[in-house]
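Visitor: here's my sequence, what's the structure:
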Amino acid sequence: MWQRISLIFRAKANKALDRAEDPRETLDYSYQRQLDLLAQVRRGVADVATSRKRVELQVNQLQAQSDKLQGQAEQAIQAQREDLAREALTRKSGLTSQISDLKTQQAQLQGEEEKLTLAQQRLSAKVEAFRTRKETIKATYTAAEAQTKINEAMSGIGEEMGDVGLAIQRAEDKTAQMQARASAIDELIASGALEDASSLNNGDDISRELEAMSSQSEVEAELARLKSGSAPAAIEGGQAGDDVLQGEPQTQSSQAPSDSQDKA
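Guide: Residues are numbered from 1 along each chain as shown. Next up, the predicted model:
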């Protein structure tokens, strides 16, 4: 069980790292590591050259002392001081042994310096070649990444465009659902299964239909009375109507004698 869990964890970690890895950053990091290594080699060359130069200075100093002792021995011989000449030559012999050892070290350091210098030149050439290759790979990767994003955007398979497509689809689905709901409510109201909230105080459908029929009957009756020339009952007892009815006979009686006179 633990082996399976470890395998799953390593697989998921590898996949996550693969997603997070950017080849351009990896190349830059590798190039920086090579530059650090090249700097270390250069410092090594400088250290070896410094050591060689220090040994060379010591050899020169010892050689100068040896030459001085040689001169002193010669002067002692001229002064017939053989003992002093022997002491000077003894010291010179010790210096000669030291000079020989230092020259051997100087030769070794010179060889190490030449090797490190050659390694530095080779490593510098490799680093420069890697830098050129790195920039080429980075440019190619950037161009391929941009082309991929453009193609994904045009085809709609990218993550962002996919989210936009899903949002549009959800909006269209909600719009269709609202339209279907509105149409269903209209049908239910028309069929009487649902009541209009604005007309709840006006009674049910039967009452409203009967009131509409009664109102239509009254309108038809009133229209019939108007056509027949009869006044409505509501205004028959009015004072203005009585005056009109009383005035009409007087006018007719006044006109009657005039007609008889014309006939005579």
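Visitor: for the chain, which spans come out with low pLDDT?
Guide: Scanning the chain for pLDDT under 70 picks out the ranges 9, 13-20, 152-165, 191-212, 230-264.
Visitor: that one: helices as residue ranges?
Guide: Remark: helices assigned in the chain by DSSP state H are 2-20, 23-78, 82-155, 159-191, 205-228, 233-236, 239-263.
Visitor: can I get those helices in a markdown table with mean neighbour count?
Guide: No exception for glycine: its C-beta is placed from N, CA and C like everyone else's. Conversion of the helices of the chain to a markdown table gives the following (neighbours: other C-beta atoms under 10 Å):
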| stretch | mean neighbour count |
| --- | --- |
| helix 2-20 | 9 |
| helix 23-78 | 14 |
| helix 82-155 | 14 |
| helix 159-191 | 11 |
| helix 205-228 | 10 |
| helix 233-236 | 8 |
| helix 239-263 | 8 |
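Visitor: so residue 45 versus residue 38, what's the distance?
Guide: Going from residue 45 to residue 38 by C-beta to C-beta, to the nearest Å gives 11 Å.
Visitor: again, but for residue 8
Guide: The spacing between residue 8 and residue 38, counted by C-beta to C-beta, is 42 Å.
Visitor: same check, this time on residue 146
Guide: From residue 146 over to residue 38 (counting by C-beta to C-beta), the distance is 33 Å.
Visitor: before we move on, what about residue 58?
Guide: From residue 58 over to residue 38 the distance is 31 Å, taken as C-beta to C-beta.
Visitor: what sits in contact with each of residue 45 and residue 38?
Guide: Residues touching both residue 45 and residue 38 by C-beta atoms under 8 Å, 6 or more residues apart in numbering: residue 120.
Visitor: pretty sure residue 48 is touching residue 108, no?
Guide: No: using C-beta atoms under 8 Å, residue 48 is not in contact with residue 108, being 9.8 Å away.
Visitor: does residue 73 really touch residue 89, like I thought?
Guide: Yes: taking C-beta under 8 Å as the definition, residue 73 is a contact partner of residue 89 at 5.0 Å.
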